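# Build me a model:
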Amino acid sequence: MEMISQDVEALIALAAKLEPGRNGSPIVNDVFEAADDWKNLGRILIENKGWDISGRVKQEVELFDRLHSFYGARLEQNPDYVRVMEAGARIIAAGKRYKPDPDGYLGSMRIVRQTFAFLQSDFGLMPGPEPDGMWDYASDRVCVGLRLPNQFDSFCWIKQPSNPDRNFALEDLLFMGGRSVSLALPAGQAIATEADVQAWFTTVADVLRQYGSDVLADRPGAFDRLGEAAAERERLYIEECERLYGADT
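Below is the predicted model:
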């Protein structure tokens, strides 16, 4: 991974160098975007979160080939372009060799399948694809999204497929049940071990079981009550921000 780290750092520097000229030249813009894409792919490989990145690697191969097809020898006339293409080629080659852990990052895929089997057995929600650390369970009436959290957001949600633009957070379920709790990670804390993953998804499952049964079953009026709770929680949040920081925040 040392070479990949070096290539990522080189691509960051090269992208910063190319960015001011993006608007004036198609080739500068395209090479800049390639450098940015390949830098991000390199970071995914370094983090090694166990995701299946075969689709992403295929896209980057197509981008690499498209640049050669469009610009040909022009790519060899600028040392910065040459360095971007060489670093990108090494990162793409590493991506082709990458083998994801079938259990996912820190066992997350296995833990999700085990912990949330009740969504299928009790509520008829079927598991969907598991791309890049995202897990969805859905029926034609209810969809649940499961994510690993950070210190700003729990990233888990529940919604109706008939109203896909409105996601309700786990905190909305808690608020509807008379609790006001943030499920984001405390500052400085991170998901770093399999035990952390298990503890997090156990918490999520407990919230869904204790406060979400009516919503998961799509019982009459359940989503209306959840919407009212979400609106009230947002109103109180805005009111508190205005109290603390002024009305213009």
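# low-confidence ranges in the chain?
1, 130-133, 247-249 (pLDDT under 70).
# Please repeat the previous calculation with a cut-off of 90.
The model of the chain has pLDDT under 90 over residues 1-3, 44, 46-55, 99-109, 128-135, 147-155, 163-166, 180-192, 236-249.
# what about the longest helix in it?
helix 222-245 (DSSP state H).
# which parts of it are buried?
If you call a residue buried by 16 or more other CB atoms under 10 Å, then helix 222-245 has these buried ones: 222-223, 226, 229-230, 233. Where you see a C-beta, it was placed from the backbone N, CA and C, and this is true even at glycine.
# which of those residues lies closest to R147?
Set against R147, the nearest of these by CB to CB is A230 (18.2 Å).
# Distance check, the nearest residue to the closest one once chain neighbours are set aside against E86.
Spatially, and ignoring its direct neighbours in sequence, A230 is nearest to D172 (4.2 Å; CB to CB, 6 or more residues apart in numbering). Remark: distance between D172 and E86 (CB to CB, to the nearest Å) = 49 Å.
# Compute the distance between E240 and F152, please.
E240 is 17 Å from F152, by CB to CB.
# Could you find the closest non-adjacent residue to E232?
Closest residue to E232 apart from its sequence neighbours, by CB to CB, 6+ apart: F175 at 7.2 Å.
# Would you tell me what helix or strand that neighbour is located in?
helix 170-176 (DSSP states H and E).
# Output the contacting helices and strands for the helix or strand following that helix.
Following helix 170-176 in sequence order, the next helix or strand is helix 194-211 (DSSP H and E). Applying 3 or more CB pairs under 8 Å, 6 or more residues apart in numbering; DSSP states H and E, one finds that helix 194-211 contacts helix 108-115, helix 117-123, strand 143-146, helix 170-176.
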